[in-house]
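*Asks:* Fold the following for me, if possible:
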Amino acid sequence: MTPDFDISHIVHAPQRIDPAFLDSPVLTNAALDAAIGCHVLAKAELANPIGCFKGRGADLFCAVALEAGEPVVSASAGNFGQGLAYATNRRGHACTVFAASQANPVKVEAMRKLGANVRLVGADFDAAKDAARRHATQTGQRWVEDGAEAAVADGAGTIALELIAAAPFDVLVVPLGNGALLDGVGHVVRARAPQARIIAVVAANAPAMKLSLEAGRAVATEQADTIADGIAVRVPIPSTLGRLRACCDDVVAVSEHDLFLAMCLIHRTLGVMVEPAAAAGVAAMLTEPERYAGLRVATILTGANISPALRARLLAA
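*Replies:* From the prediction side, this is the model:
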């Protein structure tokens with residue numbers, strides 16, 4: 001655990017977060033357990049106003065880190081942008097979100113419906129982030145970087161408080177994008193369930209975070225070409241790496257094939273349709289079943305905002 005971690009921020013966070021994002025269910029299924037060889041506890045962050053976990057951190061950030069009426073600028077693959085749009089709209093802030101030109105159209109349309117001014121710029125998320133940062137500097141608006149804001153991580157950490165209260169687990173397997181989720185839940189588990197191991201999961205086609213945590217420095221990649229847009233990081237945030245490394249025991253990579261297999265397995269056994277990043281934890285279990293055999297393994301189904309093409313592919317599988 002990092003020396004500056006204070007769990008009280010997360011313990012008190014639910015008082016500031018819209019209740020619509022709290023107390024998500026933990027899903028279990030005997031057929032899922034049998035397919036993997038362990039007991040899976042799937043925290044489903046799906047049935048809320050934006051269909052993903054990002055509302056927790058975005059709403060907390062807007063509650064504690066913004067001045068009244070302060071406009072914000074951010075970049076997103078779509079889910080954090082939805083959370084920020086939802087939170088700023090209900091709290092009276094203007095919100096501009098930059099996304100890649102090829103961003104998931106379902107997420108883009110949702111951000112716009114929630115009130116964000118969405119600008120499509122660049123070939124990928126990190127290119128859109130560069131443009132967003134420049135825009136924030138030029139306009140003097142508040143720059144909000146998912147993964148770098150403490151309140152965003154604290155909001156995500158409330159997921160772990162609920163998981164620990166729901167059932168004991170031996171391992172927590174966490175999808176790893178820019179790191180707010182791992183930062184929040186990882187530090188809570190270190191403090192409240194220190195016996196549990198924490199495994200972070202990246203897409204093999206977007207390995208920058210794994211390479212960076214293993215090297216102890218930011219390692220950018222030329223591409224992040226994965227169906228899991230929610231964890232498609234090409235350029236890590238250097239200042240966060242120390243905190244992230246302190247709250248996970250290992251970082252693993254999963255293939256595109258296993259991400260899709262995990263989506264299919266989740267759909268078949270749990271009856272929910274998740275986007276690829278949300279299936280990363282189950283994909284990790286499928287990749288290395290011997291690692292989890294006989295254990296109680298928790299994971300987080302982070303979102304349900306699947307692209308139309310992937311939805312059609314999943315339904316046809």
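*Asks:* what number of residues lie near Ala262?
*Replies:* Ala262: 25 surrounding residues under other Cβ atoms under 10 Å. C-beta: built from backbone N, CA, C; applies to glycine.
*Asks:* Let's verify it: helix, strand, or coil?
*Replies:* With DSSP: H, G, I helix; E, B strand; the rest coil as the basis, Ala262 sits in helix.
*Asks:* show me the contacts for it.
*Replies:* Contact analysis of Ala262 by Cβ atoms under 8 Å, 6 or more residues apart in numbering lists 254, 279-283, 285-286.
*Asks:* for Ala166, same thing?
*Replies:* By Cβ under 8 Å, 6+ apart, the contact set of Ala166 is 26, 41, 43.
*Asks:* mind running it again at 7 Å?
*Replies:* Val26 (Cβ atoms under 7 Å, 6 or more residues apart in numbering).
*Asks:* Can you read off the pLDDT for it?
*Replies:* For Ala166, the model assigns a pLDDT of 97.
*Asks:* in the protein, which spans are helices?
*Replies:* Using DSSP state H, the helices of the chain run over 8-11, 30-36, 54-65, 79-91, 105-113, 125-139, 150-166, 180-192, 208-215, 241-246, 256-270, 280-287, 289-292, 308-316.
*Asks:* would JSON lines of the ones you listed with distance to Leu22 be doable?
*Replies:* JSON lines is the format used below for the helices of the chain (distance: least, Cβ to Cβ, whole Å):
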{"stretch": "helix 8-11", "distance to Leu22": "12"}
{"stretch": "helix 30-36", "distance to Leu22": "25"}
{"stretch": "helix 54-65", "distance to Leu22": "7"}
{"stretch": "helix 79-91", "distance to Leu22": "14"}
{"stretch": "helix 105-113", "distance to Leu22": "20"}
{"stretch": "helix 125-139", "distance to Leu22": "27"}
{"stretch": "helix 150-166", "distance to Leu22": "7"}
{"stretch": "helix 180-192", "distance to Leu22": "14"}
{"stretch": "helix 208-215", "distance to Leu22": "27"}
{"stretch": "helix 241-246", "distance to Leu22": "24"}
{"stretch": "helix 256-270", "distance to Leu22": "20"}
{"stretch": "helix 280-287", "distance to Leu22": "21"}
{"stretch": "helix 289-292", "distance to Leu22": "28"}
{"stretch": "helix 308-316", "distance to Leu22": "27"}
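*Asks:* Nearest approach to Ile17 belongs to which of those helices?
*Replies:* For these, proximity to Ile17 was assessed by Cβ to Cβ; helix 54-65 is nearest, at 4.9 Å.
*Asks:* Tell me the buried residues in the closest one?
*Replies:* Buried residues in helix 54-65, defined by neighbour count with 16 or more other Cβ atoms under 10 Å: 54-63.
*Asks:* next one: stretch 213-233
*Replies:* Neighbour counts using 16+ other Cβ under 10 Å place 213, 218-219, 221, 224, 226-233 of stretch 213-233 among the buried residues.
*Asks:* hmm, who's touching it?
*Replies:* Stretch 213-233 has contacts (Cβ under 7 Å, 6+ apart) with 77, 79, 104, 124-125, 175-178, 202-203, 205-209, 211-212, 234-236, 238, 241, 244-245, 251, 256, 259, 275-277, 280, 302-303, 310.
*Asks:* the domain parsing of the protein - what is it?
*Replies:* Following automatic domain parsing, one finds the domains of the chain at 8-52+150-316, 54-144.
*Asks:* Centre of the chain to the last one, how far?
*Replies:* In terms of Cα atoms, centre = their mean, to the nearest Å, the gap separating the centre of domain 54-144 from the centre of its chain is 15 Å.
*Asks:* Quick check: mean pLDDT of that domain?
*Replies:* 97.
*Asks:* related to what we said a few turns ago, buried only: go through the contacts of stretch 213-233 for me.
*Replies:* Buried by 16+ other Cβ under 10 Å: 77, 79, 104, 124-125, 175-178, 202-203, 205-209, 211-212, 234-236, 241, 244-245, 251, 256, 259, 275-277, 280, 302-303, 310, out of the contacts of stretch 213-233.
*Asks:* isn't Ala65 right next to Ala151, touching?
*Replies:* Yes - contact criterion Cβ atoms under 7 Å: Ala65 and Ala151 qualify, at 5.1 Å.
*Asks:* distance of the residue nearest in space to the middle of the chain from His187?
*Replies:* The residue lying closest to the centre of the chain (Cα atoms, centre = their mean) is Leu181, at 5.2 Å. Note on Leu181: its distance to His187, by Cβ to Cβ, to the nearest Å, is 11 Å.
*Asks:* No further questions, thank you.
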